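1. I'd like to go over a predicted model; first the sequence, then the structure.
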Amino acid sequence: MRNAVVYPGSFDPITNGHVDIINRGLTMFEKIIILVGYNPNKKTLFSVEERIAMIEETVGDNPKVRVDSFSGLLVDYVKKSEACCILRGLRAMSDFEYEFQLALINRRLKRNIETVFLMTGSKWFYCNSSIVKEAAGLGGSVKGLVPDVVLKRLKEKFPDMQINNSGR
Ligand code: ADP
């Protein structure tokens with residue numbers, strides 16, 4: 001399918017910033033394959049199975065979305081899949097340099113695989129998995145930044161985490 005795209009990431013855990021990219025991507029592509037990166041040497045809060053389960057519960061039963069995991073070279077996965085390109089999100093300028101390098105190396109590895117970028121929604125500018133885990137681990141509420149299923153799973157990992165907040 002030429003109009004399918006792979007959206008790779010660690011999704012540790014999925015946040016509303018990721019959800020925004022997925023929803024907007026679905027208006028442009030017929031299908032999104034959400035690819036959970038799996039690196040046994042990288043320490044994550046959630047296992048790959050937990051991350052996949054949270055994504056699946058968040059996206060629900062949508063035939064236009066598939067969730068998968070992979071530990072090899074991203075371009076090899078894309079080539080073997082029905083996708084034509086890679087989808088990535090851009091937040092602050094700090095994302096830019098890394099994403100630029102990644103897109104260039106992927107294109108060097110497989111010339112015909114392009115990376116498409118979507119700018120973050122302004123509400124999710126500062127929302128990333130690391131900041132969510134840090135705040136939750138210190139007992140702060142991350143309600144509104146992550147899907148409800150993630151809030152529940154974070155509460156299991158961090159029992160002291162507050163559930164409600166006054167922020168917007
Ligand atoms: P994180 O950087 O939060 O750990 P990932 O590695 O899972 O996230 O990121 C996967 C992709 O989603 C990357 O392209 C990243 O820039 C993008 N992304 C993550 N959070 C947001 C957000 N709040 N807005 C837009 N894109 C985002």
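-> Nice, I can see it.
2. what packs against the longest helix along the chain?
-> Counting residues, the longest helix in the chain under DSSP state H turns out to be helix 93-109. Based on contacts counted as 3 or more Cβ pairs under 8 Å, 6 or more residues apart in numbering; DSSP states H and E, the elements that helix 93-109 packs against are helix 74-80, strand 85-90, strand 114-119. Where C-beta positions appear, they are placed from N, C-alpha and C, glycine not excepted.
3. give me the buried stretch members for it, please.
-> 99, 103, 106 (16 or more other Cβ atoms under 10 Å).
4. just the closest of those to residue 153, please.
-> residue 99 (27.4 Å; Cβ to Cβ).
5. residues in contact with that closest one?
-> 88, 90, 115, 117 (Cβ atoms under 8 Å, 6 or more residues apart in numbering).
6. what does this structure have sitting close to the ligand?
-> Those residues of the chain that sit near the ligand, judged by Cβ under 6 Å from any ligand atom, are 9-11, 15, 17-18, 21, 88-89, 91, 95, 120, 124, 127-130.
7. so which of those belong to strands?
-> By the criterion of DSSP state E, membership of the residues of the chain next to the ligand in strands covers 9, 88, 89.
8. who does the first one bridge with?
-> Put plainly, it is residue 9. The residues paired with residue 9 through beta bridges, assigned by DSSP bridges, are residue 36.
9. okay, and the helix or strand of this protein with the least pLDDT?
-> Ranked by mean pLDDT, DSSP states H and E, the helix or strand of the chain with the weakest confidence is helix 93-109, at a mean of 89.
10. now it and strand 85-90, what's the angle there?
-> Helix 93-109 and strand 85-90 meet at an angle of 160 degrees, taking axes from the mean of the first three to the mean of the last three Cα atoms, to 10 degrees as the criterion.
11. just the local confidence number for residue 147, please.
-> pLDDT, the model's per-residue confidence, is 97 for residue 147.
12. and it, what is it in contact with?
-> Contacts for residue 147 were tallied using Cβ under 8 Å, 6+ apart; they are 14, 16, 19, 54, 57, 58.
13. thank you, goodbye.
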